[in-house]
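Student: Quick one: sequence and predicted model below, then my questions.
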Amino acid sequence: QQSGRKFNLFLRRRLRIDKRHQSKDSIFFRDGVRRIDFVLSYVDDLNKEWEKKLERRKEFESNLQKAGLELETEDKKESEDGKIFFVKIHAPWEVLITYAEVLNIKVPIRENDIPPTVENPLDCVLFPLRLPEKVMHPEPDYFTAPFSKDKQELYLINDESTFFSPSMRNRIVNYILTRCPYGTEEGKKKFGIKRLLNNGTYTAAYPLHDCQYWKKASDPNCDSERYTLYMEWARFLRFYKEQPLDLIRKYYGEKIGIYFAWLGFYTEMLFLAAVVGLICFLYGLFTMDENMSSKEICDPAIGGEIIMCPLCDRDCEYWRLNTTCQSSQYSHLFDNVATLFFAIFMGIWVTLFLEFWKRRQARLKYEWDLVDFEEEQQQLQLRPEYEAKCTQKKRNPVTQEMEPYLPLTSQAVRFCISGATVLFWVSLIIASMIAVIVYRLAVYAAFASLMENTQSLQPISGLLTPQLATSVTASCLNFLIIMILNFFYERIAIWITDMEIPRTHMEYENRLTMKMFLFQFVNYYSSCFYVAFFKGKFVGYPGAYTYMFNRWRNEECDPAGCLIELTTQLTIVMAGKQIWGNIQEAIVPWICNWWGRRKARNNPENLYSRWEQDHDLQTFGPLGLFYEYLEMVIQFGFITLFVASFPLAPLLALMNNVLEIRVDSWKLTTQFRRPVAAKAHSIGVWQEILNAMAILSVVTNAFIVAFTSDMIPRLVYYYAYSENEDSPMSGYINNSLSVFQISDFPERNEPKENPENFVICRYRDYRYPPDHEKKYLHTMQFWHILAAKLAFIIIMEHVVFIVKFFVAWMIPDVPADVKAKIKREKYLTQKILHEYELEKLKERLCQGDKGATEKEFIATEGRMELSRAM
């Protein structure tokens with residue numbers, strides 16, 4: 001019986017559509033003329049709130065019509081599930097020109113006559129990377145001016161229906177929707193689609209995609225830009241092609257366009273860093289066999305005769321240095337002379353990236369008509385949540401109107417709660433990091449004992465040392481904890497930002513950004529900071545080891561240094577985050593949309609309408625770009641703050657970003673509803689965060705080279721302590737290991753067994769031997785090395801900072817040709833406007849309106865002369 005009802009419903013719908021002779025995949029009203037600029041959907045559920053919601057909808061839709069918008073409702077019987085109503089909204093010409101003036105939208109007044117820039121001599125080489133001209137530049141370049149209703153004949157209006165692009169139209173309609181009132185409740189005037197979405201009056205509000213992404217629209221009036229974006233941009237096979245930024249901006253708006261422009265530019269700049277990093281890595285690979293330190297460690301006559309002190313108390317045995325032969329060789333891959341060069345290079349690269357991005361951004365601001373752009377009113381307007389929760393009012397000193405405000409005492413309480421919550425979560429991260437350190441200390445002894453006593457591990461014991469085994473497992477555990485804490489904190493950060501009740505949208509975004517970045521910074525980088533700057537630095541020496549919580553002995557570095565362990569930590573966390581992020585971004589929306597897409601497979605397009613198809617897609621919320629920026633900025637930290645330990649980090653980032661661009665474009669084009677177009681002239685507060693990280697990266701890399709790598713001790717030995725002129729680095733390993741007399745071991749530290757009756761053992765430090773009068777105190781070489789490390793940090797920081805600031809000073813933020821174009825456009829725009837006003841005044845004079853306009857005519861001519869002179 002139920003299947004029979006479904007069949008009858010199908011037949012009725014089929015007959016109704018056949019009569020109408022219009023595909024429901026259309027983006028126009030039933031008349032096929034008026035374009036659908038926005039869609040609202042709601043479910044007519046008969047609960048206790050039903051009458052109140054119905055009243056709100058009637059009032060809201062009535063006020064929309066009073067504002068000039070035209071509505072057309074699709075009954076729930078027309079929808080696929082028979083439950084959802086769709087209200088289609090069209091903005092007629094009169095509404096568009098009214099609000100285009102309010103929003104200060106710039107429109108064409110004359111085609112750009114400035115000759116294009118000189119062709120790049122590399123264009124023929126880069127031709128395979130180029131996209132067709134029609135895709136790259138979908139519109140001619142025009143001089144533009146803010147729209148004015150009184151000067152319509154001034155603008156290049158060829159067709160009223162296409163003069164304003166779909167993204168402009170949906171921005172104008174969204175502006176009206178966010179301000180349209182829907183009644184008074186509890187003595188307060190209520191308005192805005194956001195509140196109606198929050199209280200369930202409407203279930204969704206969105207502009208339409210212009211076609212299905214896998215085929216062009218059948219309507220010749222539709223540009224099928226979504227299809228073009230999918231074919232030329234959103235497919236992975238196009239990974240080597242440039243991005244059609246002008247088309248992205250035209251379809252999605254400037255805010256999304258500027259994100260993809262930044263991501264693309266960042267990826268291009270990573271190519272240089274990746275090439276240099278790969279060269280440094282290859283240098284380490286090709287010089288591995290020439291490394292004297294690893295040669296001595298691997299030599300049975302040197303490393304095989306050096307007996308090292310046990311790695312843990314009681315259960316661990318004495319061991320020979322040559323058992324770490326392979327790990328010392330691999331450590332040379334990242335701990336060599338090229339490390340220093342690469343650290344300095346990356347300090348300069350960061351500056352070049354940020355400065356050249358400013359220039360790229362300035363060019364985009366000119367090309368996208370954002371030169372005189374100030375944050376639009378929509379960004380600065382009061383948030384509906386602020387107005388709803390702030391019951392008290394005071395007079396605005398600028399507008400002289402009464403506005404809601406939050407009392408100072410309430411603000412103070414909310415900030416205290418917010419600060420305490422953030423502090424608690426940061427403390428939780430530090431506590432989890434300490435827990436991982438305790439894990440490292442607890443299992444270190446187990447790994448050391450296991451590897452010494454298990455014959456099955458002998459084939460890999462040279463490569464997988466106890467230090468490395470502990471580091472790998474701890475890094476994986478740390479990554480798991482990072483992802484879990486991150487999952488919960490994202491929700492906590494949004495909750496506490498909502499609790500603070502920020503006044504404007506800009507305040508809300510900035511506060512959330514700072515909270516999320518602070519947490520992510522501590523969450524992702526704390527373990528790397530521990531390995532880089534704390535591990536192995538506070539070990540003590542045999543007989544006087546230092547203990548955490550008086551129980552677990554602090555970790556020692558591998559005899560070849562801690563740098564290889566920092567590399568391991570960085571690789572696991574960075575690569576794991578990137579892989580997980582891409583899976584989450586691509587797979588989750590696809591699974592969520594799979595259920596909706598089955599309708600498109602099972603029904604012809606005239607039964608599964610364009611507004612229903614888009615309704616079943618995921619919502620790209622106001623924080624959609626926020627998470628994309630956050631992901632990339634965290635990655636930027638990995639390739640700058642710790643790059644001295646891992647020259648291949650930029651290469652990993654480059655490979656990820658090539659995929660990231662296509663994943664982001666694919667999900668935006670195919671898996672999400674079309675976002676409301678929004679303006680933005682820069683990447684906002686993220687620019688300041690990147691600048692701060694660039695400065696911090698110089699300090700961290702200087703400390704990594706000085707304290708984590710073995711470069712400074714080697715240089716001190718080379719120039720001050722080497723006794724072999726023919727091979728200055730021979731004897732370095734023996735020089736870097738101190739001697740301990742086994743009989744001096746306290747009972748707590750002494751191994752249970754000493755089958756070979758060793759008398760002395762060696763440990764990594766610079767201390768006097770047991771027969772010296774300064775027994776086990778630091779030698780002069782230790783203080784020489786420490787002084788050299790501090791001197792190196794000061795010199796490297798100053799050199800890099802001087803070069804950075806010099807490069808920043810040398811590179812102007814705005815290219816000279818862009819400055820000239822801006823001046824030319826301003827001049828021509830003023831000239832055209834003045835000539836237009838002069839013509840109007842002449843017409844009025846000819847019509848005999850002489851009294852008031854003669855002086856006005858003279859003043860206008862004078863203004864034109866002044867403009868020409870300037």
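Tutor: It's in.

Student: ok, the residue most central in space within the chain - contacts?
Tutor: For the chain, the residue whose C-alpha lies nearest the mean C-alpha position (Cα atoms, centre = their mean) is residue 629; its distance is 2.0 Å. Each residue near residue 629 by Cβ atoms under 8 Å, 6 or more residues apart in numbering is listed here: 259, 683, 686. For the C-beta atoms, the positions are set from N, CA and C on the backbone; glycine is no exception.

Student: And those, which is closest to residue 746?
Tutor: Nearest to residue 746 among the contacts of residue 629: residue 686, at 54.3 Å, using Cβ to Cβ.

Student: Verify the contact between that closest one and residue 633 for me.
Tutor: Yes. Taking Cβ atoms under 8 Å as the definition, residue 686 is a contact partner of residue 633 at 6.0 Å.

Student: Skip the chain neighbours and tell me the closest residue to residue 670.
Tutor: On the basis of Cβ to Cβ, 6 or more residues apart in numbering, the spatially nearest residue to residue 670 that is not a chain neighbour turns out to be residue 213, at 5.0 Å.

Student: Can you name the secondary structure element that comes next after the one helix or strand residue 194 maps to?
Tutor: Assigned by DSSP states H and E, residue 194 belongs to helix 193-198. For helix 193-198, the following helix or strand on the C-terminal side (DSSP H and E) is strand 204-206.

Student: rounded to a whole number, what's the mean pLDDT of whatever helix or strand comes next after that next one?
Tutor: Using DSSP H and E, the helix or strand that follows strand 204-206 in sequence is helix 225-232. If you average the pLDDT over helix 225-232, you get 93.

Student: next one: stretch 629-642
Tutor: Stretch 629-642 shows a mean pLDDT of 91 in the predicted model.

Student: got it, and stretch 768-782?
Tutor: For stretch 768-782, the mean pLDDT works out to 92.

Student: mind checking the end-to-end distance for it?
Tutor: 10 Å (Cα to Cα, to the nearest Å).

Student: what's the spacing between it and its chain's center?
Tutor: In terms of Cα atoms, centre = their mean, to the nearest Å, the gap separating the centre of stretch 768-782 from the centre of its chain is 52 Å.

Student: Show me which parts of it are buried, residue by residue.
Tutor: 768, 770, 776, 778, 779, 781, 782 (16 or more other Cβ atoms under 10 Å).

Student: coming back round to it: now the helix holding residue 194, how far from the chain's geometric center?
Tutor: For helix 193-198, the distance from its own C-alpha centre to the chain's C-alpha centre is 28 Å (Cα atoms, centre = their mean).

Student: Quick one: mean pLDDT over it.
Tutor: Mean pLDDT, taken over the full extent of helix 193-198, equals 88.

Student: Repeat that for stretch 829-838.
Tutor: 82.

Student: next one: it to chain centre, how far?
Tutor: Mean C-alpha position of stretch 829-838 versus that of the full chain (Cα atoms, centre = their mean) differs by 44 Å.

Student: Convert the C-alpha atoms of that stretch to CSV, please.
Tutor: Output in CSV follows, covering the C-alpha atoms of stretch 829-838 (Å, rounded to 0.1, in the frame of the first residue of the first chain):
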residue,chain,number,x,y,z
THR,A,829,37.4,57.8,-13.2
GLN,A,830,37.4,61.4,-11.8
LYS,A,831,37.7,62.8,-15.3
ILE,A,832,34.8,60.7,-16.6
LEU,A,833,32.6,61.6,-13.6
HIS,A,834,33.4,65.3,-14.0
GLU,A,835,32.7,65.2,-17.7
TYR,A,836,29.4,63.5,-17.0
GLU,A,837,28.4,66.2,-14.4
LEU,A,838,29.5,68.9,-16.9
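
Student: what element comes up after the longest helix anywhere in the chain heading to the C-terminus?
Tutor: Identified as the longest helix of the chain according to DSSP state H is helix 408-453. For helix 408-453, the following helix or strand on the C-terminal side (DSSP H and E) is helix 466-500.

Student: how far is that following helix from where the chain is centred?
Tutor: With Cα atoms, centre = their mean as the basis, helix 466-500 stands 18 Å off its chain's centre.

Student: mind showing which ranges of the stretch 301-450 of the chain have poor pLDDT?
Tutor: 373-382, 384, 387-388, 398-401, 445, 448-450 (pLDDT under 70).

Student: mind listing the helices for it?
Tutor: Using DSSP state H, counting those that start in this stretch, the helices found in the stretch 301-450 of the chain span residues 325-331, 337-367, 377-380, 384-389, 408-453.

Student: most neighbours per residue, which of the ones you listed?
Tutor: Across the helices of the stretch 301-450 of the chain, averaging neighbours per residue (mean count of other Cβ atoms under 10 Å) puts helix 325-331 on top, at a mean of 22.

Student: ok, residue 314 - contacts?
Tutor: Residue 314 makes contact with 748, 749, 750, 751, 752, according to Cβ under 8 Å, 6+ apart.

Student: Repeat the analysis, applying 7 Å as the threshold.
Tutor: For residue 314, the contacting residues are 751, 752, taking Cβ atoms under 7 Å, 6 or more residues apart in numbering as the criterion.

Student: gap between it and residue 764?
Tutor: Computed as Cβ to Cβ, to the nearest Å, the residue 314 to residue 764 distance reads 20 Å.

Student: Can I get the helices of the stretch 301-450 of the chain in JSON lines including distance to residue 481?
Tutor: Supplementary listing: the helices of the stretch 301-450 of the chain in JSON lines, determined by distance: least, Cβ to Cβ, whole Å:
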{"stretch": "helix 325-331", "distance to residue 481": "26"}
{"stretch": "helix 337-367", "distance to residue 481": "28"}
{"stretch": "helix 377-380", "distance to residue 481": "37"}
{"stretch": "helix 384-389", "distance to residue 481": "33"}
{"stretch": "helix 408-453", "distance to residue 481": "5"}
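
Student: Of these, give the one that comes closest to residue 278.
Tutor: For the helices of the stretch 301-450 of the chain, proximity to residue 278 was assessed by Cβ to Cβ; helix 337-367 is nearest, at 10.4 Å.

Student: Show me what the closest one packs onto, helices and strands only.
Tutor: In terms of contacts (3 or more Cβ pairs under 7 Å, 6 or more residues apart in numbering; DSSP states H and E), helix 337-367 is packed against helix 254-286, helix 685-703, helix 780-810, helix 816-846.

Student: my guess is the residue nearest to the centre of the chain is in a helix, correct?
Tutor: Yes. Per DSSP: H, G, I helix; E, B strand; the rest coil, residue 629 lies within a helix segment.

Student: quick one: buried residues of stretch 208-228?
Tutor: Residues of stretch 208-228 classed as buried by neighbour count (16+ other Cβ under 10 Å): 208-213, 216-217, 219, 222-228.

Student: coming back round to it: just the buried positions in the helix holding residue 194, please.
Tutor: Buried residues in helix 193-198, counted by 16+ other Cβ under 10 Å: 193, 195, 196.

Student: Settle this for me: the first one is touching residue 179, isn't it.
Tutor: Translated: residue 193. No. Shown here, residue 193 and residue 179 do not form a contact pair, counting by Cβ atoms under 7 Å, at 9.2 Å.

Student: rewinding a little: pLDDT score for the residue nearest to residue 670?
Tutor: Here, the pLDDT recorded for residue 213 equals 88.

Student: In this structure it contacts residue 671, no?
Tutor: No. With contact defined as Cβ under 7 Å, residue 213 and residue 671 do not form a contacting pair (9.5 Å).
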